[in-house]
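> Quick one, structure for this:
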Amino acid sequence: MYDDVNVSHSVIVGRKFRCLQPAFVKPYLSSDYGIYLGSNLSEVTERWPVTNVTAKIQAFPRRPHGKPNLGDKNQEWYLIPLRHTIKNV
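Sure, this is the predicted structure:
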């Protein structure tokens, strides 16, 4: 799929959420701690250098209707960094 690209370093391949907002604002702003509510996952696959990754993220469905599906455009996701993977930048 990416044979035409000359990659000299490791990359992460995936899609990103087009809409990110704080998951909550009380008792504190969740985005201050890297916790977001994501929705509208892009259909385009992108690549990011591994050196740009600052943490691994777990995604939990918010109000799942049926089986959670990242392809469901109406599904919102809690995006929470795994503390032990956070890189200080």
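> all contacts plus neighbour counts: C-alpha atoms, from now on.
OK.
> Pretty sure I80 sits in a strand.
Yes - applying DSSP: H, G, I helix; E, B strand; the rest coil, one finds I80 inside a strand.
> Y78 against A23, yeah?
Yes - if you go by CA atoms under 8 Å, Y78 and A23 touch, sitting 6.7 Å apart.
> between these two, what contacts are shared?
Common neighbours of Y78 and A23 (criterion: CA atoms under 8 Å, 6 or more residues apart in numbering): 35-37.
> In the chain, where is pLDDT below threshold?
Scanning the chain for pLDDT under 70 picks out 1-8, 89.
> can you pull out the helices in it?
Counting by DSSP state H, the chain has no helices to list.
> And the strands in it, which stretches?
Ranges of strands within the chain are 11-14, 17-22, 36-41, 46-49, 57-62, 76-81, based on DSSP state E.
> closest to K87 out of these?
Taking CA to CA, strand 76-81 is the member of the strands of the chain nearest to K87, at 10.5 Å.
> and that closest one, C-alpha only, in CSV?
Once non-C-alpha atoms are left out, strand 76-81 reads as follows in CSV (Å, rounded to 0.1, in the frame of the first residue of the first chain):
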residue,chain,number,x,y,z
GLU,A,76,-18.3,9.6,20.1
TRP,A,77,-15.2,8.2,21.9
TYR,A,78,-13.5,9.0,25.1
LEU,A,79,-9.8,9.3,24.3
ILE,A,80,-7.6,8.7,27.3
PRO,A,81,-3.8,8.6,27.3
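> So what touches that strand?
Contacts to strand 76-81, defined as CA under 8 Å, 6+ apart, come from residues 23, 34-40, 55-63.
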